[in-house]
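S.K.: Please work out how this folds:
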Amino acid sequence: FVEGHGVAIFRCGRDGILDNSETKAREVIKRLRNGVYDFCDYLDDDLVSRIPVRLRIRMTVKDGAVHMDFTGTDPEVKAAYNIATFGRLHEWFTMRFTSFLSTHDSTIVINAGMYRPITATNPVGTLLNAEFPAPVVLRTNPARRFNDAVTLALIPISHPRRATQWITPRSRRQPKTRPQ
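M.R.: Residues are numbered from 1 along each chain as shown. As a prediction, the model looks like this:
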């Protein structure tokens, strides 16, 4: 393609596809009510202690954009549940948004453009932004629980009448948490 049409045409087409996905994602997000939404969920424990491990998300929805703040998530643990995200918007943080956006607009092309309206604050030294030498092998468990928390934060915004049937007694509990 590049040989036949040139780099400029290729870049223009690529940028157009990314821009189109961003526009479509913003249109879906604009259907959500603007506001700040908090949700905490817990892993049963960290395999070392019997204390539940908290995952906290504060989701701010405003004018077609979403900001996720993970401040309040428990610190790194001694077991291999930590996720090394290196401060970036890790793909495990966007999994639920991928399905949410593509479910609400099946014409969105899944690419980096659809994540442009999504930003995150992810403090260093937590379960969701661990630093070396924290163990990081079994990180699918907290990632799956985190995606459940994203889902449960989205449901009241997108389906307020259905929210109570999705929020379980487990997600409402407020167990003892680790010292910060």
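S.K.: Who are the contact partners of residue 77?
M.R.: Contacts for residue 77 (C-beta atoms under 8 Å, 6 or more residues apart in numbering) come out as 46, 48, 53, 127, 134, 178. For every residue, glycine as well, the C-beta is placed using N, CA and C.
S.K.: ok, the fourth one - contacts?
M.R.: By that I understand residue 127. The contact partners of residue 127, taken as C-beta under 8 Å, 6+ apart, are 53, 55, 73-77, 81-83, 142.
S.K.: looking at those residues, which has the most residues close by?
M.R.: Neighbour counts for the contacts of residue 127, by other C-beta atoms under 10 Å, peak at residue 81, which reaches 27 neighbours.
S.K.: backbone phi and psi for it, please?
M.R.: The phi and psi values for residue 81, taken as degrees, to the nearest 10, are phi -90, psi -10.
S.K.: Just the ones of the contacts of residue 77 in strands?
M.R.: Cross-referencing these against strands under DSSP state E gives residue 53.
S.K.: In the protein, where is pLDDT below threshold?
M.R.: Counting by pLDDT under 70, the chain shows low-confidence ranges at 1-2, 5-6, 9-13, 137-139, 156, 159-180.
S.K.: 90 instead?
M.R.: 1-16, 32-33, 35, 37-55, 57, 59, 77-100, 102-104, 127-130, 134-180 (pLDDT under 90).
S.K.: counting contacts, what elements does the biggest helix by length in it pack onto?
M.R.: Criterion DSSP state H: the longest helix present in the chain is helix 7-29. Secondary-structure packing of helix 7-29 (3 or more C-beta pairs under 8 Å, 6 or more residues apart in numbering; DSSP states H and E): strand 65-69, helix 91-104.
S.K.: what about 10 Å?
M.R.: Contacts defined by 3 or more C-beta pairs under 10 Å, 6 or more residues apart in numbering; DSSP states H and E place helix 7-29 against helix 2-5, strand 65-69, helix 91-104, helix 140-158.
S.K.: How far does the third one sit from its chain's centre?
M.R.: Relative to its chain's centre, helix 91-104 lies at 8 Å (C-alpha atoms, centre = their mean, to the nearest Å).
S.K.: For the next helix or strand after that helix, buried residues please.
M.R.: Sequence order places strand 118-121 as the next helix or strand after helix 91-104, per DSSP states H and E. The neighbour-count check on strand 118-121 (16 or more other C-beta atoms under 10 Å) flags 118, 120 as buried.
S.K.: Could you export the helices and strands packed on helix 7-29 to TSV, including columns for distance to residue 39?
M.R.: Shown next, in TSV, are those (distance: least, C-beta to C-beta, whole Å):
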stretch	distance to residue 39
helix 2-5	45
strand 65-69	10
helix 91-104	12
helix 140-158	4
